[in-house]
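Novice: Compute the structure for the input listed below.
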Amino acid sequence: MFIGQYNHNLDDKNRLTVPAKFRNALSGTFFATVGLDKCISIYTSKDFETYTQKLETLDTNDRNARQLQRYVASNTFELECDSHGRILLPDGLVKHSGIDKDVILVGSFDHIEIWAKEKWSAYEKSAESSFEDIAETLVK
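Specialist: Have a look, this model is predicted:
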């Protein structure tokens, strides 16, 4: 399970050091893909399989379903940590998320989200102001 948030920086080659707490769960190959709200989502192989199984059940006769499947599949990459605990983020995902240098890695239970620092700050402020109202309607 991924929880918490960590401040990090991308280097000039789009490499990112993965926090040790997250790295331990990302042994071997894992997957990076486009995330909602303009972040990058990182999944373990097992959790990515669960995620894609949901996408595969969508009705491909539906234009929105096809678009979602294609966009996610074409923007997903297999990654591994190097010997220094870093990952190389693909240019397309960095561009999608608007990341420049400063990033926040956020645990989101079954995956990690990588956010541009300024976008995360704005998102977190917005989420904080509506947290209780959302909880009351969703958690019963």
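Novice: by contact count, what packs against the helix ranked longest in the chain?
Specialist: As assigned by DSSP state H, the longest helix anywhere in the chain is helix 117-138. Taking 3 or more Cβ pairs under 8 Å, 6 or more residues apart in numbering; DSSP states H and E as the contact definition, the neighbouring helices and strands of helix 117-138 are strand 102-107. In short, each C-beta sits where N, CA and C put it, glycine included.
Novice: Remind me what the strand it packs on packs against, helices and strands.
Specialist: strand 5-9, strand 112-116, helix 117-138.
Novice: got CSV for the ones you listed, with distance to Lys38 and mean neighbour count too?
Specialist: As requested, those are arranged in CSV below (distance: least, Cβ to Cβ, whole Å; neighbours: other Cβ atoms under 10 Å):
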stretch, distance to Lys38, mean neighbour count
strand 5-9, 17, 14
strand 112-116, 8, 24
helix 117-138, 6, 11
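Novice: Turn those into JSON lines, including distance to Thr29.
Specialist: Putting the helices and strands packed on strand 102-107 into JSON lines (distance: least, Cβ to Cβ, whole Å) gives the following:
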{"stretch": "strand 5-9", "distance to Thr29": "21"}
{"stretch": "strand 112-116", "distance to Thr29": "15"}
{"stretch": "helix 117-138", "distance to Thr29": "26"}
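Novice: Cool, thanks, talk later.
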